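Enquirer: have a look; sequence and predicted model below, questions after that.
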Amino acid sequence: MNLDTQGASTLLQRDENDMTVVDESAPARGGPRLDFSKVLVVSRSQINRIVVSRIIEQSGLKAIAESPETAPSALTDVIPGAVVLDGGPENSDCDAVLSGVVAIRGMMGRSAPCVVFLSNRAGTVESLALPRTVDFVVAKPITPDRLQQIIETLKSSARHSQPR
């Protein structure tokens, strides 16, 4: 995983309950800016959206929970530092959202937002035949231990990506 912000200025704002890392580089064509403090959670299951959002919020990040149908419009408002996609029974529920993330990565010229894929099957990106855009795979059932570790890695990467 690489959250490279080389050549971009990054702003880190902290208070007791919040960590906000915002990419202050010029957005492409007046578009939204990359905000590492936000995580887009996409699932057809409202229960999964709530569970994953709570785990993310316990890490001090802000979760934006959307269905696969409404997620593409959420990506036009803000570019989150990470996107958590629930693949559903066949690992294909969020294919359209994944395509949007690929387009954003191409536009920004970096591997952000980071993509965490929730799968019904254990395995790697390669063994599950997922696109290379996926950075992490978490097997269901979703538990804080499984997801928290990845969220902490994302937070650490965001902190280290800022210029010194």
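Expert: Ah, there it is.
Enquirer: which SS class is the residue nearest to the spatial centre of the chain?
Expert: In the chain, the centroid-proximal residue (CA atoms, centre = their mean) is residue 82; its distance is 1.6 Å. Assigned by DSSP: H, G, I helix; E, B strand; the rest coil, the conformation of residue 82 is strand.
Enquirer: the closest residue to residue 79 other than its chain neighbours and residue 57: what is the separation?
Expert: Among residues not flanking residue 79 along the chain, residue 34 sits closest, at 4.6 Å (CB to CB, 6 or more residues apart in numbering). C-beta here means a position set from N, CA and C on the backbone, and glycine is covered the same way. When distance is defined by CB to CB, to the nearest Å, residue 34 is 20 Å away from residue 57.
Enquirer: so which helix or strand takes in the closest residue to residue 61 other than its chain neighbours?
Expert: In space, and not counting its chain neighbours, residue 61 is closest to residue 39: 5.3 Å by CB to CB, 6+ apart. Using DSSP states H and E, residue 39 falls within strand 34-42.
Enquirer: residue 156 now?
Expert: Following DSSP H and E, one finds residue 156 within helix 144-160.
Enquirer: mean confidence score for that helix?
Expert: In this model, helix 144-160 has a mean pLDDT of 82.
Enquirer: next one: stretch 38-49
Expert: Mean pLDDT, stretch 38-49: 96.
Enquirer: can you list the residues that contact it?
Expert: 52-53, 56, 61-68, 71, 74-75, 78, 80-86, 88, 93-94, 97, 113, 118, 142, 151, 154 (CB atoms under 8 Å, 6 or more residues apart in numbering).
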